[in-house]
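Visitor: Build me a model from this:
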Amino acid sequence: MARRVRLRARRSLAALGLGATVLAGCSACSGAPDAADPADPSGPAAPSPASPASPASPVSPGEEGAVGAPGLVWSDEFDGEAGAPPDPAVWQPDAFGHGGGNNELQCYTDDPANASLDGQGHLVVSALSAPGHTCADGTVRDYTSARLTTESSLSWQYGRLEVRAQVPAGVGTWPAFWAMGTDRAEVGWPRSGEIDVMEHVGRSPTLVTGSIHGPTEAGTRWQVTREHDAGAPLSDGFHTYAVGWGPDGLEWELDGRPWGGVSRAEAEQLGLWAFDKPFYLLLNLAIGGDLGGPVPPETPFPQYLVVDHVRVYQ
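Guide: Numbering: from 1, shown residues only. You can find the predicted model right below:
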């Protein structure tokens, strides 16, 4: 079950103008691609080449428990019996195989074999080899996996979005933790906006990327991507991936340390700012695709994204 608790946050988001409260109950939307852009993010959009980290951080560090520091407003610690699905009141599985506009190679399913609790406080998202598997939308793929979303249950405007997870090591894997604007069904993508908190590809074991996507006046996509080298394979253990998000910009963190950001002013040089509204969360493990790349024969399956917790601070 998802648990709502209050904890002290490590950092201050005051420089982002944080001050909104949790918003819940956004309407459910289709998992099919939007007509607004051929690379609709039914999976995270493949980033363009990463730009260097912004020299000007939009977030100022704060001390533990400092006045004005954000508190934990929601979390899922994934406590439960082994084999149980993640809390269905919070997480809804998507089921399709169209590749999300990114040429991904998996079917997303609602099968507990692809997403379930391990009985030790973790959610395990499993990518399985399944040659010739027919997906829910009729496409045929050679792998199955899971994409989970809070689209019809929970959303937030501004805050610190955090996941603690161990990413898979296999070449061709592409796990992600990200967020989408709750108005996607009405305005389409990229007008809805997208925040990629964490993306990791197995062929680059020490790298993590964060991105934001938004619309131009004409409705085409603009994008800012930041990249960070952790210096060691991220699959070697659990790490905490987060983004601080407010009306003036965003800043990414790894294990509590900021590593890159983008200000609103920088983004508005490229197009419209689409981040002053509620967003819902997504977790997925893609296989292959434009960013994930080819899956070599030596990549073993199953591959696992093991999630210790998901938390939102405001």
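Visitor: What pLDDT is listed against the closest residue to residue 234 other than its chain neighbours?
Guide: Using Cβ to Cβ, 6 or more residues apart in numbering and skipping the chain neighbours, the partner closest in space to residue 234 is residue 167 (5.3 Å). (Glycine included, C-beta is placed from N, CA and C.) Looking at residue 167, its pLDDT reads 98.
Visitor: I figured residue 254 hits residue 232, correct?
Guide: No - when contacts are counted by Cβ atoms under 8 Å, residue 254 is not listed as touching residue 232 (11.3 Å).
Visitor: With neighbour numbers in mind, choose between these two.
Guide: Taking other Cβ atoms under 10 Å, residue 254 and residue 232 do not tie; residue 254 has more neighbours (18 against 10).
Visitor: what sits against the more buried one?
Guide: Residue 254 makes contact with 208, 228, 230, 239-241, according to Cβ atoms under 8 Å, 6 or more residues apart in numbering.
Visitor: Show me the beta-bridge partners of it.
Guide: residue 241, residue 257 (DSSP bridges).
Visitor: Backbone dihedrals for the residue nearest to residue 234, please?
Guide: Geometry field for residue 167 lists phi and psi as phi -80, psi 160, criterion degrees, to the nearest 10.
Visitor: circling back: give me the buried subset of the contacts of residue 254.
Guide: Among the contacts of residue 254, those that count as buried by neighbour count (16 or more other Cβ atoms under 10 Å) are 208, 228, 230, 239-241.
Visitor: thinking again about what came up before, okay, the contacts of residue 254 in JSON lines with distance to residue 294 and pLDDT next?
Guide: Listed next are these as JSON lines, based on distance: Cβ to Cβ, whole Å; pLDDT from 0 to 100:
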{"residue": "208", "distance to residue 294": "21", "pLDDT": "98"}
{"residue": "228", "distance to residue 294": "24", "pLDDT": "98"}
{"residue": "230", "distance to residue 294": "23", "pLDDT": "98"}
{"residue": "239", "distance to residue 294": "25", "pLDDT": "98"}
{"residue": "240", "distance to residue 294": "30", "pLDDT": "98"}
{"residue": "241", "distance to residue 294": "25", "pLDDT": "98"}
